[in-house]
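J.: Let's see this in three dimensions:
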Amino acid sequence: MMKAIVFDLDGTLLNTLEDIRASINYARIAFDGEPISLDDTRRYVGNGLRKALVSSILEHGPRLECEDEVDLMFQLMVQYYKNHPAVYSKPYDGILSLLDCLKTSGYKLAILSNKADSIVQEITQKCFKKDLFDIVQGQRSELSLKPDPMALLGIIKRLMCNNDDVLYIGDSEVDYKTAINANVKHLIVSYGFRSKEELERSGIFDSIAHVPTMMDIERGLSS
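T.: Model prediction:
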């Protein structure tokens, strides 16, 4: 049976924080809001772009009159991000060689992100070589966001793999819960958008602080 590695995108494969911050701040400034910091952005990400924007509004304003204005801000944010998907984003050191090694070794590779699918497709095309991943999937209207397991289970089915032959790799409590909910093995990293201390406060005590090695992946699949 084929084995597969499913990756989260932001904070796992790519450092996308600066581009996310730019898109949030574009929408905020359009509504006379103050720009947010990179650290604020890091705290907000993980549950989709809209929730990140809403978190920034709740903490830093601006004061809005109605929900429709949130919708307008979100539309501005997404449009800006679609037009500037990977100005600063780049793979973490060691990721490209890891992916090449996995591909050469016969693993199926996939990406599952809570970010809008159209943006995920653009970023993946810009940052990775063609045909590296068997499936690339972001947020789609017919599926709930992670940690709901249905999107991950759907990918596993499309890859024609058994759950026991899949390792899910992410960098946040959302990714951890996604793997648990889908009943698949997981590997959580702490070099991305959540520190080891933050992960431990969420009950995750087995994270690794480096880009996974083949040994880490083989160990994760055999656990």
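J.: Please count neighbours and contacts with C-alpha atoms only from this point.
T.: OK.
J.: so how far is E197 from the residue located most distally from the centre of the chain?
T.: Distance from the centre of the chain peaks at E65, with 31.2 Å (C-alpha atoms, centre = their mean). From E65 across to E197, the span is 38 Å (C-alpha to C-alpha, to the nearest Å).
J.: cool, and N183?
T.: Taking C-alpha to C-alpha, one finds N183 at 25 Å from E197.
J.: Pull out the buried positions in the top helix by length along the chain.
T.: Scanning the chain for the helix with the most residues, using DSSP state H, yields helix 67-83. Of the residues in helix 67-83, V70, M73, F74, L76, M77, V78, Q79, Y80, Y81, K82 count as buried by neighbour count, 16 or more other C-alpha atoms under 10 Å.
J.: What of stretch 206-223?
T.: Neighbour-count burial for stretch 206-223 flags S207, V211, P212, I217, G220, L221 (criterion: 16+ other C-alpha under 10 Å).
J.: Give the single residue among these positioned nearest to A27.
T.: V211 (32.9 Å; C-alpha to C-alpha).
J.: per-residue confidence at the closest one?
T.: As predicted, V211 sits at a pLDDT of 97.
J.: and if you look at M1?
T.: pLDDT, read off for M1, is 68.
J.: What's opposite V189 in the beta bridge?
T.: Here V189 shows beta-bridge partners I208, assigned using DSSP bridges.
J.: Poorly predicted segments of this protein, please.
T.: 1 (pLDDT under 70).
J.: Okay, helices next: where are they in it?
T.: 17-30, 38-44, 49-60, 67-83, 95-104, 117-127, 150-159, 173-182, 196-201, 214-222.
J.: okay, these in CSV with distance to S89 next?
T.: Putting these into CSV (distance: least, C-alpha to C-alpha, whole Å) gives the following:
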stretch, distance to S89
helix 17-30, 7
helix 38-44, 13
helix 49-60, 16
helix 67-83, 12
helix 95-104, 13
helix 117-127, 8
helix 150-159, 24
helix 173-182, 20
helix 196-201, 22
helix 214-222, 24
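J.: between those, which gets nearest to D8?
T.: Of all the helices of the chain, helix 173-182 comes closest under C-alpha to C-alpha, at 7.4 Å.
J.: Can you check what angle separates that closest one from helix 150-159?
T.: Between helix 173-182 and helix 150-159, the angle comes out at 60 degrees (axes from the mean of the first three to the mean of the last three C-alpha atoms, to 10 degrees).
J.: What is helix 173-182 packed up against?
T.: helix 150-159, strand 166-170, strand 185-188 (3 or more C-alpha pairs under 8 Å, 6 or more residues apart in numbering; DSSP states H and E).
J.: Take those and write them to CSV, including mean neighbour count and distance to A86.
T.: Formatted as CSV, those follow (neighbours: other C-alpha atoms under 10 Å; distance: least, C-alpha to C-alpha, whole Å):
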stretch, mean neighbour count, distance to A86
helix 150-159, 18, 24
strand 166-170, 26, 20
strand 185-188, 24, 24
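J.: Same list (those) but as a markdown table, adding distance to R21.
T.: Shown next, in a markdown table, are the helices and strands packed on helix 173-182 (distance: least, C-alpha to C-alpha, whole Å):
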| stretch | distance to R21 |
| --- | --- |
| helix 150-159 | 26 |
| strand 166-170 | 20 |
| strand 185-188 | 23 |
